[in-house]
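Asks: predicted structure and sequence below. I'll ask about it afterward.
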Amino acid sequence: AQSVSQHNHHVILSEAASLELGCNYSYGGTVNLFWYVQYPGQHLQLLLKYFSGDPLVKGIKGFEAEFIKSKFSFNLRKPSVQWSDTAEYFCAVMKNTGNQFYFGTGTSLTVIP
Amino acid sequence: DTEVTQTPKHLVMGMTNKKSLKCEQHMGHRAMYWYKQKAKKPPELMFVYSYEKLSINESVPSRFSPECPNSSLLNLHLHALQPEDSALYLCASSADQKHGYTFGSGTRLTVV
């Protein structure tokens, strides 16, 4: 079955540690890729997106993600996390045809001061 | 205007009540969506409207009834809900595949 996988369900890091959250998808064809963040009690906010061009994309708040087509992956990275990065992170895929998002199961990140 | 506005922000309703959730966007997006989200879970798609026509209904119970009066508005009518329907209901809109969704802040619904 086609899906979006986030293998890290809960990640706990100390401030200043580096972060990498995995995202793999299994859809064929051209896809557009997104990472959303949801801070406690808030709505989903777009962190970054990829649809073509440079596979390394930079987003807000110092986040970046790399699209590796051969691995069907779009991992999220940040060199040095802050306590304020504590949130739920969702990877999402949208096929180039159609307008439906497919969300991953999410990763809960807790940053300890 | 780059926002999706949802009202009310919070709603508590009894199982026999009828209420409506409202969603509005003025970005000219022609696709609008309703999602349901439980705590620490990904949003689950309920309905998709494309050019004011219902294009996807993900087997949602009939106690949820969507309506798209025009290209800027999306409603979700609620009737005879169950306590397990308590969740955050998110509205989103999109222009095309490349730009993803813009989400509203949601309505936190509690059914008592």
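Replies: Yep, it's here.
Asks: in what helix or strand does residue A:48 lie?
Replies: Per DSSP states H and E, residue A:48 falls inside strand A:45-50.
Asks: can I get the CA coordinates of that strand in CSV?
Replies: What follows is strand A:45-50, C-alpha atoms only, in CSV (Å, rounded to 0.1, in the frame of the first residue of the first chain):
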residue,chain,number,x,y,z
GLN,A,45,2.4,25.5,10.0
LEU,A,46,4.5,24.9,6.9
LEU,A,47,8.2,24.5,7.6
LEU,A,48,9.4,23.9,4.1
LYS,A,49,8.5,22.3,0.8
TYR,A,50,10.1,20.7,-2.2
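Asks: tell me which residue is most central in chain B.
Replies: residue B:34 (3.2 Å; CA atoms, centre = their mean).
Asks: show me which residues of chain A sit near chain B.
Replies: Within chain A, the positions adjacent to chain B are A:32, A:34, A:36, A:42-46, A:49, A:51, A:88, A:90, A:92, A:94-101, A:103-106, A:108 by CB under 8 Å from any CB of the partner chain. C-beta coordinates here come from the backbone N, C-alpha and C atoms, glycine included.
Asks: so which of these are in strands?
Replies: Members of those lying in strands (criterion: DSSP state E): A:32, A:34, A:36, A:45-46, A:49, A:88, A:90, A:92, A:94-95, A:101, A:103, A:108.
Asks: now these in a markdown table, with neighbour count?
Replies: Compiled in a markdown table, these are given as follows (neighbours: other CB atoms under 10 Å in any protein chain shown):
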| residue | neighbour count |
| --- | --- |
| A:32 | 19 |
| A:34 | 26 |
| A:36 | 26 |
| A:45 | 15 |
| A:46 | 17 |
| A:49 | 19 |
| A:88 | 21 |
| A:90 | 26 |
| A:92 | 24 |
| A:94 | 24 |
| A:95 | 18 |
| A:101 | 25 |
| A:103 | 21 |
| A:108 | 15 |
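Asks: turn the residues you listed into TSV, including pLDDT.
Replies: Formatted as TSV, those follow (pLDDT from 0 to 100):
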residue	pLDDT
A:32	90
A:34	94
A:36	95
A:45	91
A:46	91
A:49	93
A:88	95
A:90	95
A:92	93
A:94	86
A:95	80
A:101	81
A:103	91
A:108	95
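Asks: among those, which pair sits farthest apart?
Replies: By the measure CB to CB, A:95 and A:108 form the most distant pair in these, at 26.7 Å.
Asks: what's the burial count for residue 110?
Replies: Using chain A here. Residue A:110: 12 surrounding residues under other CB atoms under 10 Å in any protein chain shown.
Asks: wrong one, I was asking about chain B
Replies: By other CB under 10 Å, the residues close to residue B:110 number 13.
Asks: can you tell me how far it sits from residue B:48?
Replies: As judged by CB to CB, to the nearest Å, residue B:110 and residue B:48 stand 26 Å apart.
Asks: pull up the residues of chain B that are close to chain A.
Replies: Where chain B comes near chain A, counting by CB under 8 Å from any CB, the residues are B:31, B:40-43, B:45, B:48, B:50, B:56, B:90, B:94, B:96-106.
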